[in-house]
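S.K.: Quick one, structure for this:
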Amino acid sequence: MWKWLHQLGKPDRLYRLCGRLVPWFAVLGVAALLLGWIWGFGFAPADYQQGNSYRIMYIHVPAAMWSMGIYASMAIAAFIGLVWQWKTADLAAAAMAPVGAVFTFIALITGSAWGKPMWGTWWIWDARLTSELVLLFLYMGVIALYNAFDDRRMAGRAAGILILVGVVNLPIIHYSVQWWNTLHQGSSGMLQQSIDPSMRSPLRWSILGYLLVFISLTLMRLRNLLLFTERHRPWVAELAAKGGRKA
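M.R.: Next up is the predicted model:
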């Protein structure tokens, strides 16, 4: 296993592997999203309390869930980059950050739209919402640090430290509805038996779709970062000579 992971640490091999995986994850991700959204928006029954307004959860819940999942994945990559000095791990974390920021932004916007009819306002300084906003700022800070240094190793180290420090925000987001008196509803029942199966199944497909789309976008960004950081290497010159990115 360690030998296989070591092979992934080689930029040229990782670039080619990403190129082979991107189409599969992209197609499967779009298919899962379409299935979840068509099922959820078109065929799932209306909620007895919220009517049809609850359907926004098929966009909001997966985005909110993976906004935290992506950050946790970034933290693992950052830890590997800091401890074992794997350059590709730093690049993986850098590739994830913009995708995580977009997911977090979607979660905040759709959460505000979902809460407006119940709360009577677009925004409240609720513990869950505020900690999710902090997560967006963390993503933006990580992106800024990656672009603030010409030295890629220094950039990866600085961003990695911020990522690991920011991990403390994840349990705050997850447990905020239990630790404080908040208006935000709990999330524990979303995938359990507390909601109708005809509502729960499309939600699961949407969550899977978001995950696969995240992976495909991250792999595409990772390919671009590998090309940029390795642009002076012979293997990149060979790719350019063969007509670009056909690997």
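S.K.: What distance do you get for Tyr146 to Met154?
M.R.: Look at Tyr146 and Met154: by C-beta to C-beta, to the nearest Å, they are 10 Å apart. The way it works is simple: take the backbone N, C-alpha and C, and place the C-beta from them, glycine included.
S.K.: cool, and Leu135?
M.R.: 25 Å.
S.K.: ok, the two, which is more surrounded?
M.R.: Using other C-beta atoms under 10 Å, the more surrounded residue of Leu135 and Met154 is Leu135, with 26 against 12.
S.K.: is it true that that one touches Ala101?
M.R.: No. Using C-beta atoms under 8 Å as the test, Leu135 is too far from Ala101 to be in contact (9.0 Å).
S.K.: low-scoring pLDDT stretches of this structure, where are they?
M.R.: 1-8, 177-194, 243-247 (pLDDT under 70).
S.K.: Ser67: neighbour count?
M.R.: Ser67: 27 neighbours (other C-beta under 10 Å).
S.K.: For it, which non-adjacent residue is closest in space?
M.R.: Nearest-residue entry for Ser67: Thr104, 4.1 Å, with adjacent residues in sequence omitted and distances by C-beta to C-beta, 6 or more residues apart in numbering.
S.K.: does that neighbour really touch Tyr139, like I thought?
M.R.: Yes. Assessed by C-beta under 8 Å, Thr104 is found in contact with Tyr139 at 6.0 Å.
S.K.: Val61: neighbouring residues, count only.
M.R.: Here the number of neighbours of Val61 (other C-beta under 10 Å) works out to 21.
S.K.: Great, nothing more from me.
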